[in-house]
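K.L.:
test case, fold it:
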Amino acid sequence: MSLVRTILNEIGDRCDASTADDYKTIVSRVENEGLSFLTITLANLGKDFQKSLDQGFVAPSAFAGFSRAGALPRFLGGLLGLVFNKRTGVLLNDPNLDAITGIYQLLAMFAKIELDCTEDRVKAAYAAYIQCENDIKVSNQGFTDELRNEFARVSALLFSGTFSDVSLVIHKGDLVPHHGPGATAEKLSSNKKYTLMHWNSRLEDTFPHMEYMYPNYLAALEEPFGLVDIVEPGRELPSRVVHVPKTLKTPRIIGIEPTHMQYMQQALKDALVPRLESDKLVGSMIGFTNQLPNQEMARQGSYDGSLATLDLSEASDRVSNQHVLAMFKSWPLLSEAVQATRTRKADVPGHGVIRLAKFASMGSALCFPVEAMVFLTVVFMGISRSLNTPVSEKLIKRLIGRVRVYGDDIIVPREHAEAVATTLQLLGYKVNTAKSFWTGKFRESCGGDFYDGEWITPIRLRRMLPRQWQQPDEVVSFSSFRNQLYKAGYWKTVAWCDTYLEKILGGVYPYVEETSNAVGRHTFLPLLEADRMCPYLHRPMVKAYVRKDKLPNDNLEGYGALMKFFLKKGDLPVFNKEHLIVAGRPLASRMVKRWTYRD
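P.N.:
Now for the predicted structure:
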């Protein structure tokens, strides 16, 4: 609450507006509603504020639950009055940008703090996952032959070069699989993944295990490494559906894939993604590794109104496998490979094992690239309807620089936004109208928020404030929060954060470069002379806290160790010296105070 008071006062000082009554309201509501007022209620107000900026006025239904003075709520009324007309609620011709940035910062600051949801909210999230499955089955009934053929034709125009190239790679047997860093359905440790003991018969038809599981043929003949269980479809292991923190309002639902499925999914992903991003026709329209182009286009759209940003709800969970089959229809080998690496069943807590109508849950390595290709296809189907002309290569080239898809973040020309949204809904996707913008001067894409060409993205607190230096996650997160506030110019709030962290860390909170691994503060000012110099590398050093992770013991030897080496990416070493003894995600972390490099 002290942090809230400090940043609220600073926002008020920037805008020359009183916020004393606003803080009293926050105190009262938090006392009655608890932390959910900051994490859920204020976050909902933030969405109302976004929509009000987009539509150009504060609707009567906006800011529900707060009394009004004229057309605006009393809460934050002094600041809102610098953006909207107090009597009519209409957006001012020249709204105060500091007020817009400050209001949005306060309302969104706690929206994504990582806290466990209540059991009821978790159950509701799993029920929504099941509902998505039912919705897909219904929408599949409306996926007529006409729509299917149009979908296949448009996707062929967009991706024929990439699909042909990847098909050739599969045909030659040049795919290189590898294991991902995450968990697996079998709960195998990081190194144990390299001693696979089973393989699906569906995989075997396209990717024979003798070609992909062993470092050499000798390993395939030796026991126990060579004893592989070829699993028939009826015995296939389902993905394990779990929830992970997202917001206090709702968790994120993901599927943890079986080891051997994830293993080959990674191979296909590595073949698809770089070819899509470098494709001469659609390379600038689809992205997986760089969000900056989306953010720049969103900024442009907020300035001149030429581009719209669309957002989808439950995007990954609504991608029908029927759409994926249509997309790869003309490339049977690639389609067979994609289907072979698709997990058909999922074990959902409280609902048992279900057969999936969706292509894949979040957690599959192919989920992100496949959904982006599906959405880009639907975007051009929508533009085709808007222009009343079939999609052609000429049309696609004409829209380079005006269309882009990054996951479920979609950018299209404003004049086609409604037609694209309608087409998405026609195919069973759920357009999030609260986060889709095309009428006013607000745009949002890939974590970047813009108003009239200006960056107004809020700095979010991701974890609760640390209470002691022995809380590594909280200490590192809050120090990062402080440094982001510093870059945004919240000097008074930064001073409060510095005082808080110095107290927690016993005064050990030095100035460091952004590249340092030390927990320290960043500054625009020249750094003073270092406390000491490294006698070996002559690099400046400071005494600071450094996070140290304890990795689990995970011994790997023999052919499994050889396989891990062969699957290493790139020419440079990527393993630590003990990677065959300890590996995986940290079991625990702690803070260590020591001399470390400042840069």
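
K.L.:
how is this protein partitioned into domains?
P.N.:
In terms of domains, the chain is parsed into 2-111, 123-451, 472-597 (source: automatic domain parsing).

K.L.:
low-confidence stretches in the stretch 201-350 of the chain?
P.N.:
223-226 (pLDDT under 70).

K.L.:
CA atoms of stretch 18-37 as PDB?
P.N.:
Output in PDB follows, covering the C-alpha atoms of stretch 18-37 (Å, rounded to 0.1, in the frame of the first residue of the first chain):
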ATOM      1  CA  SER A  18      -4.900  15.700  -6.400                       C
ATOM      2  CA  THR A  19      -5.000  12.000  -5.700                       C
ATOM      3  CA  ALA A  20      -5.600  12.000  -1.900                       C
ATOM      4  CA  ASP A  21      -9.200  10.900  -2.200                       C
ATOM      5  CA  ASP A  22      -8.200   8.200  -4.700                       C
ATOM      6  CA  TYR A  23      -5.800   6.700  -2.200                       C
ATOM      7  CA  LYS A  24      -8.500   6.700   0.500                       C
ATOM      8  CA  THR A  25     -10.800   4.800  -1.900                       C
ATOM      9  CA  ILE A  26      -8.100   2.200  -2.600                       C
ATOM     10  CA  VAL A  27      -7.400   1.800   1.100                       C
ATOM     11  CA  SER A  28     -11.100   1.300   1.900                       C
ATOM     12  CA  ARG A  29     -11.700  -1.200  -1.000                       C
ATOM     13  CA  VAL A  30      -8.600  -3.200  -0.100                       C
ATOM     14  CA  GLU A  31      -9.700  -3.500   3.500                       C
ATOM     15  CA  ASN A  32     -13.000  -4.800   2.300                       C
ATOM     16  CA  GLU A  33     -12.000  -6.900  -0.700                       C
ATOM     17  CA  GLY A  34      -8.400  -7.800  -0.100                       C
ATOM     18  CA  LEU A  35      -5.700  -8.000  -2.700                       C
ATOM     19  CA  SER A  36      -8.200  -8.800  -5.400                       C
ATOM     20  CA  PHE A  37      -9.100  -5.100  -5.600                       C
END
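
K.L.:
redo the domains of the chain as TSV? Include mean neighbour count and distance to Ile459.
P.N.:
(Glycine included, C-beta is placed from N, CA and C.) Output for those, formatted as TSV (neighbours: other Cβ atoms under 10 Å; distance: least, Cβ to Cβ, whole Å):
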stretch	mean neighbour count	distance to Ile459
domain 2-111	18	7
domain 123-451	19	11
domain 472-597	16	4
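
K.L.:
any chance of these in JSON lines, plus distance to Thr457?
P.N.:
JSON lines is the format used below for the domains of the chain (distance: least, Cβ to Cβ, whole Å):
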{"stretch": "domain 2-111", "distance to Thr457": "8"}
{"stretch": "domain 123-451", "distance to Thr457": "4"}
{"stretch": "domain 472-597", "distance to Thr457": "9"}
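
K.L.:
nearest to Arg462, of these?
P.N.:
Closest of the domains of the chain to Arg462 is domain 472-597, at 5.0 Å (criterion: Cβ to Cβ).

K.L.:
quick one: distance of that closest one to the chain centre.
P.N.:
In terms of Cα atoms, centre = their mean, to the nearest Å, the gap separating the centre of domain 472-597 from the centre of its chain is 23 Å.

K.L.:
spatially, what comes nearest to Lys280 if we skip its sequence neighbours?
P.N.:
What sits nearest to Lys280 in space, not counting adjacent residues and going by Cβ to Cβ, 6 or more residues apart in numbering, is Gly161, at 7.6 Å.

K.L.:
state the helix or strand in which that neighbour lies.
P.N.:
helix 145-172 (DSSP states H and E).

K.L.:
Asp279 now?
P.N.:
With elements delineated by DSSP H and E, Asp279 resides in a region that no helix or strand encompasses.

K.L.:
looking at it, it is touching Gly161, isn't it?
P.N.:
Yes - contact between Asp279 and Gly161 holds when scored by Cβ atoms under 8 Å: they sit 5.8 Å apart.

K.L.:
just give the nearest non-adjacent residue to Gly287, would you?
P.N.:
Tyr406 (4.5 Å).
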